[in-house]
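Engineer: here is my input, please return the structure:
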Amino acid sequence: MTKHETREFAFLLLYETMLRGETLESLEALYQSTEELLERTVTPGVKRYVFGVLSCAEQLDSIIEQYSKKRALNRVAVINRTILRLALYELRTMPETPVNVVISEAVALSQAYAYAEDTAFINGVLGAYVRNNMQATGEEADHGADSGTGYQ
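Structural biologist: Numbering: from 1, shown residues only. Next up is the predicted model:
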């Protein structure tokens, strides 16, 4: 499974857990039914994303709330919140992945699964987060933050 496929499958599982109100403990049954339905294996990489995002969902939501200037968190669609949580988790915990890749993947997910206007919102939230945090930590150059993703 490619990194893109891993990310997308994790997104689908996260979205499903948010819709169902699943807990970490009940995910094993969801994994089994999803594997049967989609004929995909829930790999360790997928589990890393899913468990990682769910374990720090409140912290990720507070970041979304902080950088979402025009929408309160409860007004951010579940699908958009899922995409943002996944991208923010990756930005915060997987420094080996370039920033521009994380944002490009989030934009691609929004183009595939969300409304057209949501793509600009997701790009804007992630761009503001990256600008603020990469400048504050001096990591901008190391993580490719200005690599033509359009989020400047």
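Engineer: this structure: helices as residue ranges?
Structural biologist: 3-20, 27-38, 44-55, 57-67, 78-93, 99-113, 116-137 (DSSP state H).
Engineer: and the longest one, what does it pack against?
Structural biologist: For helix 116-137, the packing partners by 3 or more CB pairs under 8 Å, 6 or more residues apart in numbering; DSSP states H and E come out as helix 57-67, helix 78-93, helix 99-113. C-betas here are computed from N, CA, C, even on glycine.
Engineer: let me have the ones you listed in a markdown table, extended by mean pLDDT.
Structural biologist: Formatted as a markdown table, these follow (pLDDT from 0 to 100):
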| stretch | mean pLDDT |
| --- | --- |
| helix 57-67 | 96 |
| helix 78-93 | 97 |
| helix 99-113 | 97 |
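Engineer: looking at those helices, which is nearest to residue 48?
Structural biologist: Relative to residue 48, the nearest member of those by CB to CB is helix 78-93, separated by 8.9 Å.
Engineer: hey, which helix or strand in the chain has the poorest pLDDT?
Structural biologist: Ranked by mean pLDDT, DSSP states H and E, the helix or strand of the chain with the weakest confidence is helix 27-38, at a mean of 62.
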